[in-house]
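Asker: Provide a 3D model corresponding to the input given below.
(one chain, ligands or ions: 1)
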Amino acid sequence: MQKIYEELVEKAISCGAYKAQVIDIEKIRFDEGLRKACEANYCGNYGRNYACPPYVGEPSQLIARAKSYDKGLVFQTVTAIEDSYDIEGMEEAAKNHRKTSDQIEKAVAVHYSEYLQLAAGGCTRCAQCAQITGEPCRMPDKAISSLEAYCMDCPQLAAVSGMNYINGQNTVTYFGMFLLPQTEIDG
Ligand code: SF4
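Answerer: Next up, the predicted model:
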């Protein structure tokens with residue numbers, strides 16, 4: 001198992017992650033109150049994306065789901081931006097974070113069939129989420145939710161993963177995670 005974790009960490013780095021680590025799920029602090037940050041809707045996805053609150057599910061259900069996994073492959077991407085008003089730079093960084101996450105997924109899928117992918121922000125599998133036009137989710141099994149929607153305390157997650165939550169002036173840091181079950185495909 002340890003070998004698989006080391007391989008996944010190496011893969012995450014080679015896919016563009018700044019740092020990556022496999023941690024025990026029990027080390028993560030969950031807080032249902034963090035859902036309030038989603039409700040404040042700074043990202044604009046609240047009520048406009050099936051993988052975001054309120055559609056993604058009740059905090060207690062999502063926390064229980066996350067806790068049903070054994071390990072978390074945590075990774076962070078760190079990107080230089082012009083300044084804290086560089087919205088375009090942040091959007092580009094978020095796009096690249098997703099690409100990194102999707103590349104890491106290919107390595108995760110070699111070893112696991114039942115994993116859960118979480119990334120920064122709302123699901124971007126479709127160019128426009130079907131919620132906006134009132135249609136059903138097009139890929140309910142593949143929709144990607146955020147760590148925040150699952151009520152994870154991201155600064156604490158960074159600390160237990162040996163990472164900085166913020167990585168210096170004029171940079172943007174995004175976190176992603178793959179929740180891994182106890183048994184791999186051939187385990
Ligand atoms: S898969 Fe498409 S429809 Fe479903 S949550 Fe993601 S973006 Fe929305």
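
Asker: can you list the weak-confidence ranges in the protein?
Answerer: 186-187 (pLDDT under 70).

Asker: Write out the residues of it neighbouring the ligand.
Answerer: Residues of the chain lying close to the ligand (C-beta under 6 Å from any ligand atom) are 49-51, 123, 125-126, 129-131, 137-139, 143. For the C-beta atoms, the positions are set from N, CA and C on the backbone; glycine is no exception.

Asker: Now for Leu73, how many residues are close by?
Answerer: Using other C-beta atoms under 10 Å, Leu73 has 27 neighbouring residues.

Asker: For it, identify the helix or strand it belongs to.
Answerer: strand 71-80 (DSSP states H and E).

Asker: partners of that strand in the sheet?
Answerer: In the sheet, strand 71-80 lines up against strand 19-24 (antiparallel), strand 171-180 (antiparallel) (DSSP bridges).

Asker: distance between the last one and the chain's centre?
Answerer: The gap between where strand 171-180 is centred and where its chain is centred comes out at 5 Å by C-alpha atoms, centre = their mean, to the nearest Å.

Asker: How about the contacts made by the most centrally placed residue in the chain?
Answerer: With distances taken as C-alpha atoms, centre = their mean, Ala119 lies nearest the centre of the chain, 2.3 Å away. By C-beta atoms under 8 Å, 6 or more residues apart in numbering, the residues touching Ala119 are 97-98, 101, 144, 146-147, 174, 176.

Asker: In the chain, where's the longest helix?
Answerer: In terms of residue count, the longest helix belonging to the chain (DSSP state H) is helix 87-111.

Asker: And that one, what does it pack against?
Answerer: Counting contacts by 3 or more C-beta pairs under 8 Å, 6 or more residues apart in numbering; DSSP states H and E, helix 87-111 packs against helix 2-14, strand 71-80, strand 116-119, strand 171-180.

Asker: Which one, of these, ends up nearest to Gln61?
Answerer: When these are compared by C-beta to C-beta, strand 116-119 sits nearest Gln61, at 13.1 Å.

Asker: Fine, thanks again, bye for now.
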